[in-house]
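Peer 1: All I have is the shape, not the residue letters:
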Ligand code: FES
């Protein structure tokens with residue numbers, strides 16, 4: 001009787017795990033919605049626009065001529081070129097504990113109000129506690145569009161050199 005109960009309980013446990021796994025998997029509609037296409041021709045220079053991808057804020061900043069002329073090698077390495085324009089693209093969450101930093105256009109910097117962390121316009125940390133620059137979301141470039149959620153060669157090269165995280 002004890003063994004039979006154990007076997008039934010075991011089958012029940014496997015059944016529950018399968019059911020739980022199913023509930024973890026994204027619905028087909030969610031998977032299809034996992035990509036966001038941005039038309040990169042619409043962004044004004046020097047103005048931070050916040051888009052959304054998979055529920056996360058995505059910072060898009062089209063660089064000004066002044067930003068391009070004065071950028072450092074590391075800022076250039078984080079740059080994404082689409083249709084001849086250069087952009088800073090990043091997940092708009094502080095890499096400390098995930099608050100959303102605000103952009104100050106006059107200072108060209110981000111301040112995270114949670115613990116005072118700061119980032120420059122390129123997303124690099126200028127004041128701790130954030131441990132690293134803003135993360136860069138996976139992207140693919142197709143003409144003047146950027147597809148967030150797909151991995152293109154430009155993103156792969158950045159990832160391989162450790163820039164995206
Ligand atoms: S969450 Fe941004 S500084 Fe702590």
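Peer 2: Done, it's in. None of the values given here were measured: they were computed from a predicted structure. Numbers count the residues shown, from 1 in each chain.

Peer 1: any residues touching stretch 36-48, and which ones?
Peer 2: 49, 51-54, 58-65, 67, 82-83, 85, 87, 103, 105, 144-149 (C-beta atoms under 8 Å, 6 or more residues apart in numbering). In this view, the C-beta of every residue, glycine as well, is placed from N, C-alpha and C.

Peer 1: Can you pick out the ones from those that are in helices?
Peer 2: Members of those lying in helices (criterion: DSSP state H): 65, 67.

Peer 1: List buried residues within the contacts of stretch 36-48.
Peer 2: 51, 53, 58-64, 67, 82, 87, 103, 146-149 (16 or more other C-beta atoms under 10 Å).

Peer 1: Kindly identify which of these also come near the ligand.
Peer 2: For the ligand, no contacts are drawn from these by C-beta under 6 Å from any ligand atom.

Peer 1: So which of the residues you listed belong to strands?
Peer 2: The strands, defined by DSSP state E, take in 51, 53, 58-62, 82, 87, 103, 146-148 from the buried ones among the contacts of stretch 36-48.

Peer 1: Farthest pair within those?
Peer 2: For those, the farthest-apart pair by C-beta to C-beta is 103 and 147; their separation is 24.0 Å.
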